[in-house]
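Enquirer: What shape does this take:
(chains A and B)
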Number of protein chains: 2
Amino acid sequence: MSQAPRINGQRLWDSLMEMAQIGATPKGGVSRLALTEEDRIGRDLFKQWAIEAGCTVKVDAMGNMFARRPGRDDSLPPVVTGSHGDSQPAGGKFDGIYGVLAGLEVVRSLNDHGIATERSIEVINWTNEEGSRFAPAMIASGVYTGVFDLEYGLSRTDAQGVSIGQALQQIGYAGNEPMGGRDIHAAFELHIEQGPILEAEDITIGVVSGAQGQRWYEIELHGRSAHAGTTPMNHRLDALLGVARIVEAVNAMGLAQGDEGRATVGWVQVYPNSRNVVPGRALFSVEFRHPDEAVLEQLDAQLRTEVADIAAATGLGHELKQIFQYAPIAFDAACVDQVQRAAVELGYSHKRMISGAGHDACYLSRVAPTAMIFVPCVDGLSHNEAEHIHPHWSEAGANVLLQAVLAKANEH
Amino acid sequence: MSQAPRINGQRLWDSLMEMAQIGATPKGGVSRLALTEEDRIGRDLFKQWAIEAGCTVKVDAMGNMFARRPGRDDSLPPVVTGSHGDSQPAGGKFDGIYGVLAGLEVVRSLNDHGIATERSIEVINWTNEEGSRFAPAMIASGVYTGVFDLEYGLSRTDAQGVSIGQALQQIGYAGNEPMGGRDIHAAFELHIEQGPILEAEDITIGVVSGAQGQRWYEIELHGRSAHAGTTPMNHRLDALLGVARIVEAVNAMGLAQGDEGRATVGWVQVYPNSRNVVPGRALFSVEFRHPDEAVLEQLDAQLRTEVADIAAATGLGHELKQIFQYAPIAFDAACVDQVQRAAVELGYSHKRMISGAGHDACYLSRVAPTAMIFVPCVDGLSHNEAEHIHPHWSEAGANVLLQAVLAKANEH
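Expert: Numbering: from 1, shown residues only, chains lettered A, B, ... in the order given. Okay, here's the model as predicted:
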């Protein structure tokens, strides 16, 4: 075992449990939607804890919070870590907030051990990562990194027509820190995996080397609505039969890519959707994810061919639109190596993996050397009130984060 | 060609077009929902025309209208014909009302030709056949024939909570004629096919010998909702994949039954139905129709086996409920033969067929010797504002009806 400093696992767990009281749901989860009163109370608590740990806390125009522990040379670009404090409407106690409070625990632990760092360390709480109240997701790290402009970010509205700008004013988190534009030496985001791989393979640390590229499609099939009793089978143009065959084909395309392939039909709308009418029209989504852009290109071509073939075989008209595209991301090799070295030094089992989900770190990697750390979650469950991680996973992830941040913060 | 009397095709067509003005829609269809003001105006017009043709018009407690042309022996059980005057919300000009006005045209033509009949002839306008405003469909012929009791019929409510009883009072069609219970010598219902068979085979008259039995099911599949990005294909329990395979299997089961088989999945609900979530649950309908109860039994058994096999292969839980069952109906052999004889005598192409849809005649066949006559409709289209029939089809159907009614009305 290395003699590296360790975080205080119990304190981190206690902080997680205390934060989980804010917006706690009867089923043991959390409902802390972005920029609501619950989010404000959570932000206030994080701010109070950060100030108690000796940080200064600044807020930018998107409500992103930066809790800074000064380094010996405060003029050097800092090392940043953190994640998001907002949750899904019926979310769990760990998605996002675990990365924020583990960042705080790194600062607290450095204080405990009396360790000063060359560079400043900032713990970031990003606004509205989930995209549940305001679409799109990761809007505030997107504005920070120039993916969206500030006006666009502030003008996004929720279902009641309240804009992000208005909501920030209401909860007192419209700050005046300049938006992005500064140098960052390195960035780490610690997050629960939100998938089943680490737990299934009994591995404690995911060394996340990048994020999958995504292609999202919307497909419409046109047949002919017809009376289910009077229309013989061979006179039908059944849009749902076309959907069924494409669902099967998409599933096979995903399976053919092995561990790294994802192919999903998650949304289907059938018209007129009546028990005794042959469906005349159907609209549905297809999405592919893969770390290799060339594979996504190939899946794209294969989808277009299979949809056209199935439509022709079933007599259906079809339209296929790509509605979203997101290139695969490779995180910074040195940062990724740093995470892996920390896991090795601390004696944790680990594996390199690709993030299947989007994270603020994906946008941040556009402007700073970045890597992510995953810990397992029980049954791979997330975006669910039953989301759970074991305390020893929580502690291990934060220890790896401490090591990685410390190493980078002492680089000249 | 036979020397049998003919109806006046132009007069029938003109009456159809005049009636279609009531509730006319911009796209050329009709919206004349049961017991609305439009329905009242339509009923008043039918009543006026029937009285002008020498009929007495009586109304029962469900609003069913009986326009009676007296026979030489008014004490003999009458021959009845007719259909329904209500329409779908965006329905066509012929579904239902064609059978009512063709019955009226039979009376008018007998008057023109100075033909008296031994038995009385009654033209019936059944209330709320469509089931669009008040469920279930065919409620009033169902009460007439004892399938439902009167209290049940009157207490059915629309989406606004208005009951059939209240709506009948409002439009002045709550009558006091005794409900059912009388002898009927023979019954004929003339209707558009609402399917594509006659037009596709270029046949003018469908000699309808019965109605298909039906079995309706609701199936639920339980998998596990999961993140589409973080969940590898081989960790998924995708409820939609199960639906896709069952849709394919149900379609194959229908095709295997040839011309007489119908197998339909018309309604699907996927949960959570989100583009980036693997569906964890799905609920959908299956319905089978076939004229042979033994085949329906076999389809029932096959469905249960296939659903269980597919659920097992995809790791899904399943529940299968039969929610509705309707035995096949064989119409009265003598009445069916009478229809066929009329078609032959008049020189119309014809074929024996089975009704895939439910009709008031299906309930009426429980208490009276009954048959139906179909005429083609363009593209098999019905329950649609574009529903259309050609005038020569309209005329041919009414001529067959005249012949059949006349023959039965002169039987002793």
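Enquirer: Figure out the length between the terminal residues of stretch A:337-356.
Expert: The stretch stretch A:337-356 measures 20 Å between its terminal residues, going by CA to CA, to the nearest Å.
Enquirer: Please see if it touches chain B.
Expert: Yes. Stretch A:337-356 comes into contact with chain B (CB under 8 Å from any CB of the partner chain), by way of A:355-356. C-betas here are computed from N, CA, C, even on glycine.
Enquirer: distance between that stretch and the chain's centre?
Expert: Centroid displacement of stretch A:337-356 relative to its chain, using CA atoms, centre = their mean, to the nearest Å, is 19 Å.
Enquirer: Need the phi and psi values for the residue in the stretch 51-200 of chain A positioned nearest to chain B.
Expert: In the stretch 51-200 of chain A, no residue comes nearer to chain B than A:G195, which is 2.9 Å away by CB to the nearest CB. Backbone torsions of A:G195, given as degrees, to the nearest 10, read phi -150, psi 180.
Enquirer: Tell me the predicted confidence for it.
Expert: You'll see A:G195 listed with a pLDDT of 94.
Enquirer: can you count the residues close to the closest residue to it other than its chain neighbours?
Expert: The shortest distance from A:G195 to any non-neighbouring residue, by CB to CB, 6 or more residues apart in numbering or on different chains, is to B:T230 (2.9 Å). Neighbours of B:T230 under the rule other CB atoms under 10 Å in any protein chain shown: 25.
Enquirer: Look up phi and psi at B:T230.
Expert: According to degrees, to the nearest 10, B:T230 has phi -100, psi -10.
Enquirer: give me every residue that touches it.
Expert: A:193-197, A:355-357, A:380, A:382 (CB atoms under 8 Å, 6 or more residues apart in numbering or on different chains).
Enquirer: residue ranges with poor pLDDT in the stretch 1-150 of chain A?
Expert: A:1-2 (pLDDT under 70).
Enquirer: What residues does A:I329 make contact with?
Expert: Contacts of A:I329 by CB under 8 Å, 6+ apart are A:210-211, A:213, A:362, A:365.
Enquirer: What about it? Give its phi and psi, please.
Expert: Torsion angles, degrees, to the nearest 10, at A:I329: phi -120, psi 130.
Enquirer: most centrally placed residue in chain A?
Expert: By CA atoms, centre = their mean, the mean C-alpha position of chain A lies nearest to A:H359, the distance being 3.3 Å.
Enquirer: just checking, A:H318 touches A:V307?
Expert: Yes. Using CB atoms under 8 Å, A:H318 is in contact with A:V307, at 5.7 Å.
Enquirer: Name all residues that sit in contact with the two at the same time.
Expert: Joint contacts of A:H318 and A:V307 (CB under 8 Å, 6+ apart) are A:I219.
Enquirer: Would you mind telling me which of the two has more residues around it?
Expert: For A:H318 and A:V307, the more surrounded residue by other CB under 10 Å is A:V307, and the numbers stand at 23 against 19.
Enquirer: show me where pLDDT drops low in the stretch 301-412 of chain A?
Expert: Counting by pLDDT under 70, the stretch 301-412 of chain A contains no low-confidence residues.
Enquirer: Please list the residues of it that sit near chain B.
Expert: Selection of the stretch 301-412 of chain A residues close to chain B by CB under 8 Å from any CB yields A:355-358, A:380, A:382-384.
Enquirer: Among those residues, the buried ones, what's the PyMOL command?
Expert: Selection of buried members from those for PyMOL, criterion 16 or more other CB atoms under 10 Å in any protein chain shown:
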select buried, chain A and resi 355+356+357+358+380+382+383+384
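Enquirer: quick check, nearest of the residues of the stretch 301-412 of chain A next to chain B to chain B?
Expert: Looking across those and measuring by CB to the nearest CB, the closest to chain B is A:G356, at 3.2 Å.
Enquirer: The closest one contacts B:G229, correct?
Expert: Yes. Using CB under 8 Å, A:G356 is in contact with B:G229, at 3.2 Å.
Enquirer: what sits in contact with each of those two?
Expert: In contact with both A:G356 and B:G229: A:195, A:212, A:262, A:289, using CB under 8 Å, 6+ apart.
Enquirer: mind listing what the second one touches?
Expert: So the one you mean is A:Q212. Counted by CB under 8 Å, 6+ apart, A:Q212 has contacts A:260, A:262, A:289-291, A:328, A:354-356, B:229.
Enquirer: which ones among those are found in strands?
Expert: Residues of those located in strands (DSSP state E): A:262, A:289-290, A:354-355.
Enquirer: ok, stretch A:182-189 near chain B or not?
Expert: No. Using CB under 8 Å from any CB, stretch A:182-189 stays clear of chain B, coming no nearer than 14.9 Å.
Enquirer: First-to-last residue distance for that stretch?
Expert: 18 Å.
Enquirer: buried residues in that stretch?
Expert: When burial is assessed from 16+ other CB under 10 Å, stretch A:182-189 yields the following buried residues: A:184-189.
Enquirer: One more: stretch A:398-412?
Expert: A:398-409.
Enquirer: In a markdown table: those residues, plus secondary structure and distance to A:T145.
Expert: Putting the buried residues of stretch A:398-412 into a markdown table (DSSP: H, G, I helix; E, B strand; the rest coil; distance: CB to CB, whole Å) gives the following:
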| residue | secondary structure | distance to A:T145 |
| --- | --- | --- |
| A:A398 | helix | 25 |
| A:N399 | helix | 28 |
| A:V400 | helix | 24 |
| A:L401 | helix | 21 |
| A:L402 | helix | 25 |
| A:Q403 | helix | 26 |
| A:A404 | helix | 21 |
| A:V405 | helix | 20 |
| A:L406 | helix | 25 |
| A:A407 | helix | 24 |
| A:K408 | helix | 19 |
| A:A409 | helix | 21 |
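Enquirer: Which of those residues sits closest to A:E201?
Expert: Of all these, A:E201 sits closest to A:V400, with 17.1 Å by CB to CB.
Enquirer: List the buried residues of stretch A:20-29.
Expert: Buried residues in stretch A:20-29, defined by neighbour count with 16+ other CB under 10 Å: A:20, A:22-25, A:29.
Enquirer: Let's have those in JSON lines, adding secondary structure and distance to chain B.
Expert: Formatted as JSON lines, these follow (DSSP: H, G, I helix; E, B strand; the rest coil; distance: CB to the nearest CB, whole Å):
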{"residue": "A:A20", "secondary structure": "coil", "distance to chain B": "21"}
{"residue": "A:I22", "secondary structure": "coil", "distance to chain B": "24"}
{"residue": "A:G23", "secondary structure": "coil", "distance to chain B": "21"}
{"residue": "A:A24", "secondary structure": "strand", "distance to chain B": "22"}
{"residue": "A:T25", "secondary structure": "coil", "distance to chain B": "17"}
{"residue": "A:G29", "secondary structure": "coil", "distance to chain B": "14"}
